[in-house]
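>>> Please work out how this folds:
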Amino acid sequence: MTGGDGKVRRAVTTALALLPFLTLAVRPSHAVLLRYKFQPGETLKYVLKMSATGQLTTSMQPAPQPISVSGSAVLIMKVLGINPDGSYNLRITLQPKDLRINVVGAQQGQQPVMRPMTFRVVMTPLGEVRKIQLEGAQGKAPVAAPPGMGGGLDPSQFVTEIAGSIVFPKGDVQVGQVWTGRVKLSSPLLQQPLVLATKSKLVKMEPYMGRPCAVIDTVAEIPMNFSLPAFGITSSGRHTSVTRSYFDYEAGRVLCSKGQFKVAISSQAQFQQPGGATANFSMMFQMSGQVEVTLAGSA
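Got it, this is the predicted structure:
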């Protein structure tokens, strides 16, 4: 073997030895695999803060009434188990702390009242919501309406806040990459699923609350065209939101999400009056505001 052949062989051997490291070097340094990671029995506690204003117009009150929502609520997510396909069974409870709905001009006893809500949710590690069900929905609406408002404010306006709006792609994501998601939200209350469309971007990677986080901007839109036979309500409209989330990609959970939302819903309803007579009711609801959800603890 000549000296030249020996040099070539040593070069090839060295290259083969370095191949795994060369492969890692080629992989983008800011690529990350985004997945939700929960354990059976785990409980996550979030604090939700909301501030919003809008107006409410009804067939009984044709003049627009200013309406506002402000305050905070506690959102508790319990991981009930993991299905064979890897999806999570979750129970999510929203407990209004000092979250209040105020209709300007209404008497104290005529103000809508927030009630605690509990959802059963099936969600994949990618954030795809396969099923969402409001517990006890057949009994009473989660928002007690003022007298004369029939079935009350429908629960669908809270669906996207509870289910979340980040749907992850299957592969690694690089800083600056944009992806889209599409989720069907089904419920026994709804005759047809609601379709949530999202567009997200990995803005940067940075520590947040002492944890390694992916900073993600998301635009979400959901047509609010649905029917709630249990409450005699038919509605149409649209819900849009823009949020920035800090996602702990090692622990697999959202640490904080801040954003703005806008919703406009037109509803028609039929309800029974005392004596059995049927009355028709219509309502136009518009609102915009800010929402912030922050992880307060886990167990």
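
>>> quick one, strands of the stretch 151-299 of the chain?
173-174, 178-185, 194-208, 211-223, 226-228, 233-248, 253-272, 278-298 (DSSP state E, counting those that start in this stretch).

>>> can I get the ones you listed in CSV with mean neighbour count, mean pLDDT and distance to residue 33?
The C-beta positions use only the backbone N, C-alpha and C, and glycine is treated the same way. Putting those into CSV (neighbours: other Cβ atoms under 10 Å; pLDDT from 0 to 100; distance: least, Cβ to Cβ, whole Å) gives the following:
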stretch, mean neighbour count, mean pLDDT, distance to residue 33
strand 173-174, 18, 96, 8
strand 178-185, 16, 85, 13
strand 194-208, 16, 92, 11
strand 211-223, 18, 93, 10
strand 226-228, 20, 76, 35
strand 233-248, 19, 90, 11
strand 253-272, 18, 88, 14
strand 278-298, 16, 88, 21
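
>>> Now distance to residue 47 too, for those strands, in a markdown table please.
Listed next are those as a markdown table, based on distance: least, Cβ to Cβ, whole Å:
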| stretch | distance to residue 47 |
| --- | --- |
| strand 173-174 | 28 |
| strand 178-185 | 24 |
| strand 194-208 | 16 |
| strand 211-223 | 17 |
| strand 226-228 | 29 |
| strand 233-248 | 15 |
| strand 253-272 | 10 |
| strand 278-298 | 5 |
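
>>> Looking at the ones you listed, which is nearest to residue 61?
strand 278-298 (9.3 Å; Cβ to Cβ).

>>> Direction included, what does that closest one pair up with?
strand 43-58 (antiparallel), strand 253-272 (antiparallel) (DSSP bridges).

>>> and that strand with strand 233-248, angle?
10 degrees (axes from the mean of the first three to the mean of the last three Cα atoms, to 10 degrees).

>>> Now do strand 278-298: distance to the chain's middle.
12 Å (Cα atoms, centre = their mean, to the nearest Å).

>>> Pipe the strands paired with strand 278-298 into TSV and attach distance to residue 177 per row.
Compiled in TSV, these are given as follows (distance: least, Cβ to Cβ, whole Å):
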stretch	distance to residue 177
strand 43-58	27
strand 253-272	19
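
>>> so which of these comes closest to residue 237?
Of all the strands paired with strand 278-298, strand 253-272 comes closest under Cβ to Cβ, at 3.6 Å.

>>> Dump that closest one to PDB, keeping only the CA atoms.
Provided in PDB are the C-alpha atoms of strand 253-272 (Å, rounded to 0.1, in the frame of the first residue of the first chain):
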ATOM      1  CA  ARG A 253     -47.200  22.100  27.900                       C
ATOM      2  CA  VAL A 254     -48.200  25.700  27.500                       C
ATOM      3  CA  LEU A 255     -46.800  28.000  30.200                       C
ATOM      4  CA  CYS A 256     -48.500  31.200  29.100                       C
ATOM      5  CA  SER A 257     -50.700  32.400  26.300                       C
ATOM      6  CA  LYS A 258     -51.700  36.000  25.700                       C
ATOM      7  CA  GLY A 259     -53.900  37.400  22.900                       C
ATOM      8  CA  GLN A 260     -56.900  39.200  21.500                       C
ATOM      9  CA  PHE A 261     -60.200  37.800  20.300                       C
ATOM     10  CA  LYS A 262     -63.200  39.000  18.400                       C
ATOM     11  CA  VAL A 263     -66.600  37.300  18.200                       C
ATOM     12  CA  ALA A 264     -69.900  38.100  16.500                       C
ATOM     13  CA  ILE A 265     -72.900  35.800  16.900                       C
ATOM     14  CA  SER A 266     -76.500  36.100  15.700                       C
ATOM     15  CA  SER A 267     -78.900  33.700  17.400                       C
ATOM     16  CA  GLN A 268     -82.500  32.800  17.200                       C
ATOM     17  CA  ALA A 269     -84.400  30.700  19.800                       C
ATOM     18  CA  GLN A 270     -87.800  29.400  20.700                       C
ATOM     19  CA  PHE A 271     -88.700  28.800  24.300                       C
ATOM     20  CA  GLN A 272     -91.700  27.900  26.400                       C
END
